[in-house]
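> Need a 3D model of the sequence below.
(one chain, ligands or ions: 1)
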Amino acid sequence: MRSLTWKLGGALLLIVFVSVGLMAYLTNLSTTREFQQYVSRGNMMYTQSLANSLGDLYAEEQGWNNIQETLRSLPLSTSARILVTDSSGVIIADTAREWLGKESAEVSLSDGTPITVSGQTVGSLYLLTSGGMVRGHMGGRIPQAIPMVVTSEEDFLERVNDSLWKVGLIAVAVALVIGLILTRQITRPVRALISGARHLTKGELSYRVTVKSRDEIGELADSFNIMASSLEKGEQSRRQLTADIAHELRTPLTVIEGTVDGIIDGVFQPDTEHLRSIKEQTALLTHLISDLRDISLAESGQLKLNLTSTDMVELVRRVVSNYEINAREKNIRIKLEEEPQISEIEADTVRMEQVISNLLVNAIRHTPSNGSISVTIKNDEGGLAISVADTGEGIAPEDLPHVFERFYRSGSSRSRKEGGTGLGLAIVKQMVEAHGGKVWVESKMGTGSIFSILFPFSI
Ligand code: ADP
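Have a look, this model is predicted:
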């Protein structure tokens, strides 16, 4: 596997190699050049002082007597080949003996260092290195790359180069160790994330990664944990929903089964009363299934709203008139108060009717005979506010925060008996929120409840 560790480590190694190599090469180049110039200047000064000494010798001896022997017996501090010509250009001394007696032009000697006595040139001095010739005055030609004259000087440069490469190698080794430690530190949180992802894949949704770094990887780990939490919550709510559905389906099915068994066993007569009971339970099942479909679509964000410009006053009036008969049966009066300047909102008419219906059905269900329900529509808090208030039994404070949860039923199980699925308010909440609105409830035991909806105007 081409892991991140190897990629990062490889990149670091390459950078270290290239930079240390380049540094060593350039240092080597400039040290060599500086050192050679230093040596070359030293050679020139040496040549000049040797020429002066030879001039003194000439003056003392009154000529070039025995110059060859004298030169060879001098304590010369150079390994270079030294040649001396007389004023006519004939080689009269050669530390290598080779060219004695030859013309300087013959062996291509030129530009020697003049040996002067009282202003008169009495000869020339040539210092031959293995690669060229050194002239004794500073204004002369300075060879660009004079090879080493003195063996120990060559050794010196070699040693400098040697230690340069050694230092380079140590630098590479140190960089390698530091690089490895750094790489491991960088990749550790990534490995933690990979292991986290594997745990999630295996279904361990409670697994969280612990990454302390406060950089982008730390942020990624935080996002990873948030994602894991939301997966876990989703899974929990899915399980809860399945359990709730099973529970809710069981009640009407038990009633149906019991009634049918009773009829088969001859305990009950197959009369209208028992058949109506079966019919009511199947109607509840149908209602439950349709509510479940709505809630699951809304909760998964797949509810398709068919938004059109809707006059809410007209819509509420229509729904209220649909339930007037039910209300009248219980001798409940429904008052409709409408005073909005703007009553049109973008809404899905069918869904909106469902919302108002659910609130009205609840209000009628929970309001005793001779009570009243008032439905109000007005412009308030920068939007369209609709409220349904009843003079019913009210909701206990401990139930109040939960009434919008699916399958939540307050203390009395009356709503189920009356055909409630426990999903009505959960659907109201989902639908209202899908329209960009909010819904809330205020209630006082024994006085009544007020369910309010607000659809804010977008401007
Ligand atoms: P259901 O279909 O059982 O009515 P809802 O989601 O519509 O379910 O309501 C949840 C619970 O909230 C109900 O069981 C009931 O106890 C309570 N509730 C809803 N509306 C009212 C109301 N107007 N007055 C008193 N209690 C209410």
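
> tell me the SS of the closest residue to the ligand within the stretch 201-350 of the chain?
Closest approach between the stretch 201-350 of the chain and the ligand, counting by C-beta to the nearest ligand atom: D291, at 8.0 Å. Heads up, the C-betas are built off the backbone N, CA and C, glycines and all. With DSSP: H, G, I helix; E, B strand; the rest coil as the basis, D291 sits in helix.

> what residues does the stretch 351-459 of the chain put near the ligand?
By C-beta under 6 Å from any ligand atom, the residues of the stretch 351-459 of the chain that approach the ligand are 358, 362-363, 366, 390, 392-393, 395, 403, 408-410, 415, 420-426, 449.

> What subset of the residues you listed is buried?
Those of these that meet the buried threshold are 358, 362-363, 366, 390, 392-393, 395, 403, 409-410, 415, 420-426, 449, by 16 or more other C-beta atoms under 10 Å.

> In strands, which of those appear?
Using DSSP state E, the members of those that fall in strands are 390, 449.

> Off-centre distance for stretch 174-183?
How far stretch 174-183 lies from its chain's middle: 23 Å, per C-alpha atoms, centre = their mean, to the nearest Å.

> contacts for it?
5, 8-9, 12-13, 16, 20 (C-beta atoms under 8 Å, 6 or more residues apart in numbering).

> Among the buried ones among the residues of the stretch 351-459 of the chain next to the ligand, which lie within helices?
358, 362-363, 366, 415, 424-426 (DSSP state H).

> So what does the residue of the chain positioned farthest from its centre look like in phi/psi?
Going by C-alpha atoms, centre = their mean, the residue of the chain most distant from its centre is Q62, 91.5 Å out. Here is the backbone geometry of Q62 (degrees, to the nearest 10): phi 60, psi 40.

> now do the one 5 residues further on
Backbone torsions of I67, given as degrees, to the nearest 10, read phi -60, psi -40.

> any idea how far it is from the ligand?
Using C-beta to the nearest ligand atom, to the nearest Å, I67 is found at 127 Å from the ligand.

> Count residues in the vicinity of that residue, would you?
Residue crowding around I67 was assessed by other C-beta atoms under 10 Å; the count is 18.

> The residue nearest to it when sequence neighbours are not counted pairs with what?
Excluding the flanking residues, the one nearest I67 by C-beta to C-beta, 6 or more residues apart in numbering is A93, at 4.5 Å. On the basis of DSSP bridges, A93 is bridged to V84.

> Quick check, A93 in contact with L83.
Yes. At 6.7 Å, A93 counts as touching L83 under the criterion of C-beta atoms under 8 Å.

> so who does the residue of the stretch 1-150 of the chain found nearest the ligand touch?
Nearest to the ligand in the stretch 1-150 of the chain, going by C-beta to the nearest ligand atom, is L4, at a distance of 51.9 Å. Residues counted as contacts of L4 (C-beta under 8 Å, 6+ apart) are 186-187, 190.

> quick one: which of these sit in strands?
Counted as lying in strands by DSSP E, out of the contacts of L4, is not a single one.

> Quick one: the strands in the protein, in order.
81-86, 91-94, 113-117, 120-128, 133-134, 307-311, 333-338, 344-348, 372-380, 383-390, 438-444, 448-456.

> Residues of the chain that sit close to the ligand?
Contact residues (C-beta under 6 Å from any ligand atom) of the chain with the ligand: 358, 362-363, 366, 390, 392-393, 395, 403, 408-410, 415, 420-426, 449.

> quick one: low-confidence parts of the stretch 101-250 of the chain?
Along the stretch 101-250 of the chain, the model assigns pLDDT under 70 to residues 129-153.

> how about 90 then?
Scanning the stretch 101-250 of the chain for pLDDT under 90 picks out the ranges 101-113, 118-120, 126-190, 211-218, 234, 237-238, 240-245, 247-249.

> How are the helices of the chain distributed by residue range?
For the chain, the helices defined by DSSP H cover 4-61, 67-73, 151-201, 216-264, 272-299, 312-329, 349-366, 414-417, 424-434.

> List the contacts of E324.
I334.
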